[in-house]
Structure formats: C-alpha cells, structure tokens
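Trainee: With the input below, show me the fold.
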Amino acid sequence: MIAKAKAISHGINDLRYITGESQHKKHPEKIYRVLDNLLPSEPDAMGIWNSMQLTLSQHRPIKNSVIRIELSPSPEHTQFFEIEDWQKLWHDFAEEFDKQVITDKDGKVRSCPTNLAGSKYSVWLHTESEGGVPHLHAAVCRIDEDGNINNDHNIHLRAQRAAERVAKKRGWTTAAQVRNSHIHQVNRDCMDTLKSMQSWSWEEYKDTLIRKGYTVHERNDKKGILRGYAIVKGNTKYKASELGVGRNLMILKLPKTWEKLHHKPQGCALKTTFKDSQTEQSFKPSASADYGRYNTYHPDTVPYTLNHGGKGHKFYIPEKVLDCFNDEFDYRIVANTQELTDMAVAIFVGLLETPNVATGGGGGGSQNDLPWRDKDEDDLLWARRCARAASRSLGKKPKTGLKR
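Mentor: Numbers count the residues shown, from 1 in each chain. Below is the predicted model of the structure:
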C-alpha cells in the first residue's frame, strides 16, 4: 500500500477533482463518497470548500490551506471491500498519520503530531483509473477546529510511514516490499535492453523500455539537455541512481555501461593489462594490505569483479572510491579506462602490489611515494594514490577523434 500527501493552495480545484465534478473526470459515476468529517450532510465540492473557508477565515491566512492525500492499497487486498471497509481503512490510516512525531538526524522535532481527526475533511473512492486500481482521495483542512495548523513539514514521509504501518498491521504487502521485489526485474530489463542494442542510443534505450511496459520520465535542464531519468512501473518509481551496480545506469554512465556489455576482451583483463605495462607487475597480494576487509558487503559499498587466470575476484569497495576512479579515468577522454580502473582497484584492495615506477627527481621522496597504505590513511586518499600508480604504470591513452 502506498500513500501520498501534500499541502496545496488550489483546494477548490482538488475538491472538484476528487468529487468527480471536474470536467477532466470522464467517469464520475465510478467515484463514490466514503465519509465526511465535521461537514454538513453530503455537501458538493463548493459546499465542502465553503465550510473549510469558514474555519480558515477565523485565523491567520495560510497559503497552502488544504492537505491532499491519496491512499492506494494493492487491489488483491480490497477486491471484496464495501464502503464500510474503506471507511475503516481511512480511520486506521488517519490514526497512524496523526500520531507521528518526525525528528531530524539530531533528534530535533521537525513535525509534531497532526490532528486530521479534529479537522474538516472529505474522503472519496475512485475506481475509474486506467489500471482499474481502487484508491482513496481526501481533502483535509490545514487548520483544525481548535485553531491549530496541521504541520506539513515532511508530510510525504508522514503519509508513507502511516501507510506502511497500516499495511504491516493488516499483513498486507508494503510499498517497500513491492519495490524491493520489483527492482531486480527492473535492473534485468535495463541490462537486457542495453545488451540488445547494436549501438548506443538513448532513444532506442527509452523506446525499448517503454515496449517492455515501463514509463520513462526524462529530466532536462533549461537548455533541453537530458540530465537524468526515472523509470515507472505501476505505482512505483525508480530513479536511475537507484538502479544497477555502482550507479552504472545513470544517464552519464549509460554509454560506458553499454560499451562494457559489448566489449570483446582479448584474454584476461588483469593479465593483459599488466603484461602490456612498461613495468612487468606480478599478480600477488600486497604483503602489508588487509584485502579481506573488502570481501564482504558493507553499507555504501558497491561490488566490483576483477578477472584473472580464468577466475573472478569479487570485492566490495566504497562507492566514493569507484566514483573517484570513474572521474580520474573518464571514459569519454581515456581509451584504456577499464584497464586503469582494474589496476587501481586491484591495488586499492591489496590484491596487487603497488608498481615500482620511478617518479623522477631526486631527494628522499615523501610519504605519498610509499608503495603501501598507511594504517590510518583515508579511503579516498588511498584511492587517489592507487589511481596515480595505475596511471604511471599503464599510462592514460587518449581517445582519438575527439579533437577537431
């Protein structure tokens, strides 16, 4: 079950919509009144609005005077519902909505309990949606009958949490469970789409996903340049940054991901990489490194597989480290991005000794020239040193054909 909530200024328009009086509603006969709270007997949209205005006019004016709420359970849970069942569902939701206290990360209260129970509202059942999923719409007066304002800070979170709690109490599927069960299929469909493409094309990628039953929302900047996208399946929305591995399905990384899927390796990546380097480098663990720390998943890490000798070595490296390597070895300007990244990761996790490459110059050198990681060294600092070591060993090969 999912829920949405937002404080709005266009209360009368919302009321016309949820009551079916709006001209945009093609099937008002499929919209039913569920219940009213603290309102006259079954008023129309204007009657509800006038009653709310009577309350609002007695207090300081507020811009967003109405709370719009949508509550959508999974259809399998409500197929035998009567109006009384919908009323009970709304009351359960409103109770969970009201009693929450929302705090920030420091424990400071950002939103006190609300009082929908003491506010004027009207709830309606819509069954005319294209998907045929019955759902509730409600319009709630922001000021309750005691003159208190219903706080709208993080109101979307308040609605989501209330829906989750009601679903759990009833043993229903929660929005989080639906999302987690579907995201693996979404990832597979995205990767299969990339694999099926003979050449990289955003339009082909988007159109193929649409044919698979998804809706693709593009995000363009003021100049019309595509900066991001999201995929929608049913009532669930997935941002590109939430998909794939290491955010490899984001708009800027899609071309590189396509290239990796269509790359034809000439032998083992690590073996070829180090054989071609000017400094022959043996593939063996660093004596001073504890690479076992990267063998298990931790929060904010992403999987990375290194292939050598016909075997795959899977590690979990901090996401910020992979981002560092992606920035340092930008595939748009560096031809041997994959080889450089593989070597940098191998050095980072301790699977490979740091290449002994002369850095030039005289003197005694510095701590940054040492071939091992200091025990107190930050991940990002060590990652930058690994990137520099890989660059010195293999050299950055610029892509040809980029200059005019």
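
Trainee: List the buried residues of the lengthiest helix in the chain.
Mentor: If you go by DSSP state H, the chain has its longest helix at helix 175-196. Of the residues in helix 175-196, those with enough neighbours to count as buried (16 or more other C-beta atoms under 10 Å) are 175, 178, 179, 183, 186, 187, 189, 190, 191, 193, 194. No exception for glycine: its C-beta is placed from N, CA and C like everyone else's.

Trainee: Could you pull up the residues touching the last one?
Mentor: Taking C-beta atoms under 8 Å, 6 or more residues apart in numbering as the contact definition, residue 194 lies against 205, 254, 257, 258, 261.

Trainee: where exactly do the helices run in the stretch 201-350 of the chain?
Mentor: Taking DSSP state H, counting those that start in this stretch, the helices of the stretch 201-350 of the chain run over residues 202-211, 254-262, 269-276, 319-328, 337-349.

Trainee: Which strands or helices does the next helix or strand after the longest one pack on?
Mentor: Proceeding N to C from helix 337-349, the next assigned helix or strand is helix 379-394, under DSSP states H and E. In this structure, helix 379-394 makes packing contacts with helix 319-328, helix 337-349, judged by 3 or more C-beta pairs under 8 Å, 6 or more residues apart in numbering; DSSP states H and E.

Trainee: that older thread, make a PyMOL selection of whichever of the contacts of residue 194 turn out to be buried.
Mentor: Remark: buried members of the contacts of residue 194, expressed as a PyMOL selection using 16+ other C-beta under 10 Å:
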select buried, resi 205+254+257+258
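
Trainee: mind checking how far residue 80 is from residue 23?
Mentor: As for residue 80, its distance to residue 23 is 33 Å (criterion: C-beta to C-beta, to the nearest Å).

Trainee: do the same with residue 314
Mentor: 58 Å.

Trainee: With residue 192 instead?
Mentor: Distance, residue 192 to residue 23, using C-beta to C-beta: 42 Å.

Trainee: before we move on, back to that, take the buried residues of helix 175-196 and lay them out in TSV including distance to residue 85 and pLDDT.
Mentor: Supplementary listing: these in TSV, determined by distance: C-beta to C-beta, whole Å; pLDDT from 0 to 100:
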residue	distance to residue 85	pLDDT
175	20	68
178	21	72
179	25	73
183	31	84
186	32	91
187	36	89
189	35	93
190	38	94
191	42	92
193	41	94
194	45	94
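
Trainee: and of those residues, the nearest to residue 91?
Mentor: residue 175 (20.1 Å; C-beta to C-beta).

Trainee: Strands of the stretch 101-250 of the chain, residue ranges please.
Mentor: In order along the chain, the stretch 101-250 of the chain carries the following strands (DSSP state E, counting those that start in this stretch): 102-103, 109-111, 121-126, 135-141, 215-220, 226-233, 236-239.

Trainee: the inter-axis angle of the longest helix of the chain versus helix 254-262?
Mentor: If you take axes from the mean of the first three to the mean of the last three C-alpha atoms, to 10 degrees, helix 175-196 sits at 70 degrees to helix 254-262.
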